[in-house]
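Engineer: I would like the atomic coordinates for the input below:
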Amino acid sequence: MLNKVLSTYSVRFVALVVNLAIAPLFIWSTDLQVYGFYVIFSTVAVMLQQDMGMTNSSIRLLGIAQGAGKSDLIRSVAKTTKSIFASLGLTAGIVYYCILSFFSNNFGIHDLLDKQIYQLSALYAIVVIVSFVVSAYRQILIGLGSLIASNLLQIAQNVFRISLMVYALVSGYGLLGVGVAEALVSILYLASVVIMVHKRYPLARCWGFESKILPELFTTSINLVVIQVSGSLIVQSGSLISGSIFGAQAAGQYNIAQKVYTFVKEVTNSLGFVVLPDAAQNIGHGDVRSNGIIYIAFTGIGNLLMNSVAVLAIGFMSTWISLWVGDSYHEAVLPAQILIVSLIVNGMHLIAIPLLTATGQTRPYAVLHSIWMISALTLSWLLAQRLESMAGVALGVIIPIIVLEPIYLFIAMRFLHLPYRDVFLYDILIPFSWFLIGIVLFLAAQIVNIFDIFGNELVGVFAFSALWLLLSFMLFLRLIHRFGLAKRHLRF
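Structural biologist: Model prediction:
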C-alpha cells in the first residue's frame, strides 16, 4: 500500500511541476496575452474531457471482479468501456472544434491568431479524443492492480510533454508548436498504454459492446458524472469568469491562483486512485469494514500533509508566485490564499468519494456537489462584479463549501460506519492542530524577524519551509506506522 501511495504522489508531483512550469515558459518566451490564450484553449479542453463518471465506475467494477475472480466480468467491462470512451472522445473532440470559435471571438483570440486558430482547434481536438481512449486503458491497469505501472507511464508522458513544449517555445514555434507537441505526446502515450495492457492483461485486449453491464456501470456513473462535472466547473470556471469580466490577462492571473490551489488540493485528492481499487476489491471479498479503516487512515495522512503544505502556501504565497512567474502576477496572491483556506475544511470528503463509489452510494454527494456548483458559480459572478476583484471569484467558491462540508462528513460517517472518536482524533484534531501550530510558528517567526537572521529573506523562507516540512514528514511517518501502511493490509 505504501508503494502505491509513494508512486501516486510521485506522478502527481511531476504533473503539477509540469503544469507550474508552463506559465513561466510562456511568459518568458512570449507574453502574458499569449499565455492567457493558452489558458483558454487548455481550460476548454479540460472541461470537455469529462468521462461521464465512467472511469471510477469502471475501476470499481474491475476491482470487484478481480476480488471475486470473475474473468468474464473483467472482459465485458474492459471491452465495453473502451468502446464507450472512444465514442465519448470523438464527440468531445468535434464539440471542442466547433465551440472554440465562440471563445476566440469573445476573448479576442481570432484577431491575433487569425488562421492558426483552426489548426490549434484541430490539434487540441485530437488531444481531447486521445485522452478519452487513454483513460479507458488506464482504468484497466488501475482496476486490475497495476496502479504503479500506470503511474510510471504517466510520469514519462509528463516529462516528454514538458520537454517538447520547452523546445517548441524556445525555438519560436509559439502556441501552434505547443499544440503540435501536446498532440504528439498524447498519441505516443496512448500507444504505450495499449502495449502495456495487452501484455499484462490478455483478457482486456478485445473491443466490443455488452449492454448487460450498462445498468451496473451507469447506476454509479450517473452520480459520478454530476460530481465530476460540478467539480470541474467549480475549479475551471474561475478563469473564464475572470476573463469574461476583467479580460484575457485576468484569466491568466486567476489561472495561476487556481494552479496553486490545485497543487495543495492534490496532496489529499490524489490518494483517490490509490484507495478506489482496494476498496472495490474489499467489496468483492465481502470485507466492508476495511473501507472504513481506509477512510480514517488516508483522510488523516492526506489532511496532515495538505495542511502542512497549506501553511507554507498561505504564509509565503507572494514569494512563491514571484519566484514562479514574476511580480507581474501579484494579483493572483489573494485569490490563491482564499482558495487554499477552503482546503482546510473541505478535505474531509475527498477520500470519501472513491470509497462511496466502491459501495455504490454516491447520490448524496452528487446532490451536494450540484448545490456547491450552482451556488459557487452564482456567487463568483456576483462577488467579482461587486468587489471588482478576482478575490470575489475565489470567495464565491469557498463560501458554499464551508457551509456544506459538515454535511459531507456526516454522510461519509453514516454510510461507511465510521467511529466518531477515531474520525475526530485522526482526521480532524491531529491535522487541524498541526495546521494551527504551523500558523503560530509562522506568525512568531514574522514577529521576531527570524527571516532576517540569514541575511537574505529568501534563504530564511527556504530554511523555515525545510524545517517545517521535515517536522511534518516525521509526524507523517508516525501515522504511517500507526495505520500499518507499509504492510500489505491496514490495521487499526
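Engineer: for the rest of this, base every contact and every neighbour count on C-alpha atoms.
Structural biologist: Will do.
Engineer: neighbours of residue 128, just the number please.
Structural biologist: 29 (other CA atoms under 10 Å).
Engineer: relative to residue 96, how far out is it?
Structural biologist: Counting by CA to CA, to the nearest Å, the gap between residue 128 and residue 96 amounts to 8 Å.
Engineer: residues that sit against both of those two, list them.
Structural biologist: In terms of CA atoms under 8 Å, 6 or more residues apart in numbering, residue 128 and residue 96 are both contacted by the residues 45, 48.
Engineer: show me where the stretch 201-350 of the chain has its strands.
Structural biologist: Shown for the stretch 201-350 of the chain, no strands are assigned by DSSP state E, counting those that start in this stretch.
Engineer: any low-confidence regions in it?
Structural biologist: 219-220 (pLDDT under 70).
Engineer: quick check: residue 401 touching residue 342?
Structural biologist: Yes: Residue 401 lies in contact with residue 342 (CA atoms under 8 Å); the separation is 7.4 Å.
Engineer: of those two, give the one with the bigger neighbour count.
Structural biologist: In this view residue 401 and residue 342 are compared by other CA under 10 Å, and residue 401 has more residues nearby, 23 against 20.
Engineer: OK, contacts around the more buried one?
Structural biologist: Residue 401 makes contacts with 342, 346, 372, as judged by CA under 8 Å, 6+ apart.
Engineer: just give the closest residue to the first one, not the sequence neighbours.
Structural biologist: Nearest residue to residue 342, sequence neighbours excluded (CA to CA, 6 or more residues apart in numbering): residue 398, at 5.4 Å.
Engineer: right, and the one you found touches residue 337 too?
Structural biologist: No: contact criterion CA under 8 Å: residue 398 and residue 337 do not qualify, at 11.1 Å.
Engineer: got a pLDDT number for the closest residue to residue 237 other than its chain neighbours?
Structural biologist: With sequence-adjacent residues excluded and distances taken as CA to CA, 6+ apart, residue 237 is closest to residue 377, at 7.6 Å. Looking at residue 377, its pLDDT reads 91.
Engineer: and the next element down the chain from the helix or strand where residue 377 lies?
Structural biologist: Secondary structure assignment for residue 377, by DSSP states H and E: helix 363-387. Remark: after helix 363-387, the chain's next helix or strand is helix 390-415, criterion DSSP H and E.
Engineer: give the rounded mean pLDDT of that next one.
Structural biologist: If you average the pLDDT over helix 390-415, you get 91.
Engineer: which parts of that helix are buried?
Structural biologist: Using 16 or more other CA atoms under 10 Å as the test for burial, helix 390-415 gives 390-402, 404-405, 408-409, 411-413.
Engineer: return the distance of that helix from the chain's centre.
Structural biologist: Distance of helix 390-415 from the chain centroid (CA atoms, centre = their mean, to the nearest Å) equals 17 Å.
Engineer: for residue 298, which residues are in contact?
Structural biologist: If you count contacts by CA under 8 Å, 6+ apart, then residue 298 has 268, 271, 351 around it.
Engineer: equivalent analysis for residue 197, please.
Structural biologist: Residue 197 makes contact with 137, 140-141, 204-205, according to CA under 8 Å, 6+ apart.
Engineer: for the helix of greatest length in the chain, packing partners?
Structural biologist: Scanning the chain for the longest helix, with DSSP state H as the assignment, gives helix 71-107. Contacts defined by 3 or more CA pairs under 8 Å, 6 or more residues apart in numbering; DSSP states H and E place helix 71-107 against helix 32-48, helix 54-68, helix 109-113, helix 116-143, helix 214-246.
Engineer: do that again at 7 Å, thanks
Structural biologist: helix 54-68, helix 116-143 (3 or more CA pairs under 7 Å, 6 or more residues apart in numbering; DSSP states H and E).
Engineer: okay, residue 51: pLDDT?
Structural biologist: For residue 51, pLDDT reads 64.
Engineer: picking up where we left off before, ranking the helices and strands packed on helix 71-107 by burial, who's on top?
Structural biologist: Comparing the helices and strands packed on helix 71-107 by mean neighbour count (mean count of other CA atoms under 10 Å), helix 54-68 ranks first with a mean of 26.
Engineer: show me the contact partners of that helix.
Structural biologist: Here helix 54-68 makes contact (CA atoms under 7 Å, 6 or more residues apart in numbering) with 73-74, 77, 139-140, 142-144, 217, 220-221, 276-277, 280-281, 283-285, 358.
Engineer: and these, which are buried?
Structural biologist: Buried, going by 16+ other CA under 10 Å: 73-74, 77, 139-140, 142-144, 217, 220-221, 276-277, 280-281, 283-284, 358, out of the contacts of helix 54-68.
Engineer: how is this structure carved up into domains?
Structural biologist: According to automatic domain parsing, the chain comprises the domains 1-209, 216-492.
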